[in-house]
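[1] Would you be able to build a 3D model of this:
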Amino acid sequence: MTDQTPALRLEGIVKTFPGVRALDGVSFAVMPGEVHALMGENGAGKSTLMKVLGGIHQPNEGQIFIAEEPTVMTSPIEAKSKGVVFIHQELSLADELTVAENIFLGELPRKSFGRVDWKTLYDQTNAILKTLNVGFDARTRVGDLSIANQQMVEIARALTVDPRAVIFDEPTASLTDAEKVVLFEVIADLQSRGVGVIYISHRMEEIFKITDRISVLRDGQYRGTLNTAETNEEEVTQLMIGRTLDLSRSESTHQMGDVALEVRNLSCGDLFEDVSFTVRKGEVVGFYGLVGAGRTEIAETLFGLRDPSSGTIMLDGEEVRINSPADAIKRGISLVPEDRKAQGLILGMNCRDNMTLPQVDDMTAGPFVSDGAEVAIFDQYRDKLDIRTPGWRQLVGNLSGGNQQKIVIGKWLSMHPEVLIVDEPTRGIDVGSKSEIHNLIRELAAQGYAVIVISSEMPEVLHVSDRIVAMFNGRVMREFTAEEVTEDSLIQAISGLETDKVA
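    Got it, this is the predicted structure:
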């Protein structure tokens, strides 16, 4: 960061939407060769500010400078031509096209008479993919890739130009630990080439690992910039939300009841094998393990999305067969899925209809759905879960990540389940909303729900769980109580280092 001229700078940016002042005079700069974190709660204005920079939104007031030259970004294509590349949190790929076609979409190399130069296209793409160390090539159909690999394709797009600045918006949300290492190497390479990197993430460990400075937005306003090496998580959190958070481990303060769910020797092909555990009423059981350990697949089997190859599921002491989600719901099992936007919500539908969707059939009056019954359910759980929205007519896609997650939880709570499974409860959620979701999970247990929490974040699973089931390669390695678990013992178990202590 020897060059004191910013790679890019935004000055006094104002952006309003109907009824909302999303950005209120925000200024921000990134230096060449700097990794600069942009942090704030959901709804603080981070993505809006970057969309202004990336040409997606036009500011109502303010100015953008590139190398101190004033400029106007009228579109993402123009922004890219000026060296500003935006890697979105939400994937924007065409499933039916190849990796190469997606990466160079709109910029395909041509031969005479406008024909596509396929050899050049594939050679250039494979050269980029080689730097990312991925296991697919230029001709692979994007729709055949995992979500994590699709994210790597998004990242590859940024490497097709000689950028001044690259904006990463929650880039690791769908990546495995190995893929994160590759991403951080790519960011380090960009940094060494003098590219300014803007990094938006809620994951504090990543922020403190790779960034040089941290700027914070709150309620659409700039709140300050800190040198990463000179600050800590508590100071950043206080700047983000205006208060401190209690991040200590939760202690149970209520009496647990009988066993609500018992799983005996459950297997599902090669996804997981011989899994046994129990969950009591009023208890939170956390599942922790590396990506591919089988945690989500167990949840999907309990919810009837997968057929077990062997084993027994018991509810309240009675053996049950669950052949479909309808069976699971009828038996009192609900699942808040890992990907709330793709699996848990219909983003173009309003809050009320999302929340009441599973029970529409029970609220019909003749051929019509009872609006009054639907609104009553929404109002009840909006108040109970402190869902922040102007009203039930608000589209779910316009809510913050934390409030979207509360809508999904409220949808299933309104079905009065006995067992609530929550997969990655705070993925893509800011630290303030994360604390609220953690408190909500503990409160649900105190009300007598049997809760399973699946999480890839060790602090989260330690914070909310009464017991923790550690998994590796489709098997339960150990089971810990909250009192006996340590970070070292948990890491050992999920790494397969304690095979002599298989539960």
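
[2] where's E460, which helix or strand?
    Assessed by DSSP states H and E, E460 sits inside helix 458-464.

[3] Dump the C-alpha coordinates for that helix into CSV.
    C-alpha atoms of helix 458-464 as CSV (Å, rounded to 0.1, in the frame of the first residue of the first chain):
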residue,chain,number,x,y,z
MET,A,458,-17.6,-23.9,16.1
PRO,A,459,-18.4,-20.9,18.3
GLU,A,460,-22.0,-21.2,17.3
VAL,A,461,-22.4,-24.9,18.1
LEU,A,462,-20.5,-24.4,21.4
HIS,A,463,-22.7,-21.4,22.3
VAL,A,464,-26.2,-22.9,21.7
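
[4] Just after it, pick out the following helix or strand.
    strand 467-472.

[5] Show me what counts as buried in the very next helix or strand once past that next one.
    Proceeding N to C from strand 467-472, the next assigned helix or strand is strand 475-481, under DSSP H and E. For strand 475-481, burial by neighbour count (16 or more other Cβ atoms under 10 Å) applies to 475-480. From N, CA and C alone the C-beta is placed, and that goes for glycine too.

[6] what pairs with strand 475-481, and is each one parallel or antiparallel?
    Applying DSSP bridges, strand 475-481 is found paired with strand 467-472 (antiparallel).

[7] distance of the residue nearest to I491 when sequence neighbours are not counted from E205?
    The shortest distance from I491 to any non-neighbouring residue, by Cβ to Cβ, 6 or more residues apart in numbering, is to M458 (7.9 Å). Remark: distance between M458 and E205 (Cβ to Cβ, to the nearest Å) = 10 Å.

[8] V216 now?
    For V216 relative to E205 (Cβ to Cβ), the value is 17 Å.

[9] can you check V197 too?
    Counting by Cβ to Cβ - V197 and E205 are separated by 17 Å.

[10] Who has more neighbours out of these two?
    V197 (25 against 12; other Cβ atoms under 10 Å).

[11] looking at it, that one is touching A188, isn't it?
    No - under the criterion of Cβ atoms under 8 Å, V197 makes no contact with A188, lying 9.4 Å away.

[12] Tell me the helix or strand right after the helix or strand of the chain with the lowest mean pLDDT.
    When the helices and strands of the chain are scored by mean pLDDT, DSSP states H and E, strand 368-369 comes last with a mean of 62. The C-terminal neighbour of strand 368-369 among helices and strands, as given by DSSP H and E, is helix 371-385.

[13] which element is R393 on?
    Using DSSP H and E, R393 falls outside every helix and strand.

[14] quick check: domain ranges of the chain?
    Split into domains by automatic domain parsing, the chain comes to 8-241, 259-332+417-501, 349-407.

[15] could I get those domains as TSV with distance to A342?
    Shown next, in TSV, are the domains of the chain (distance: least, Cβ to Cβ, whole Å):
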stretch	distance to A342
domain 8-241	9
domain 259-332+417-501	12
domain 349-407	12
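
[16] Low-confidence ranges, the stretch 301-450 of the chain, go.
    361-370, 430 (pLDDT under 70).

[17] Phi, psi for V453 please.
    Backbone geometry at V453, expressed as degrees, to the nearest 10, gives phi -120, psi 120.

[18] The one 3 residues further on too?
    The main-chain torsion angles of S456 are listed as degrees, to the nearest 10 and equal phi -90, psi 0.

[19] How much space separates it from K209?
    Distance from S456 to K209, by Cβ to Cβ: 16 Å.

[20] More neighbours: those two, which one.
    S456 (18 against 12).

[21] The more buried one contacts E424, correct?
    Yes - using Cβ under 8 Å, S456 is in contact with E424, at 6.5 Å.

[22] Excluding residues flanking it in the chain, which one is nearest D137?
    Leaving aside its sequence neighbours, D137 sits nearest to N126 (Cβ to Cβ, 6+ apart; 5.8 Å).
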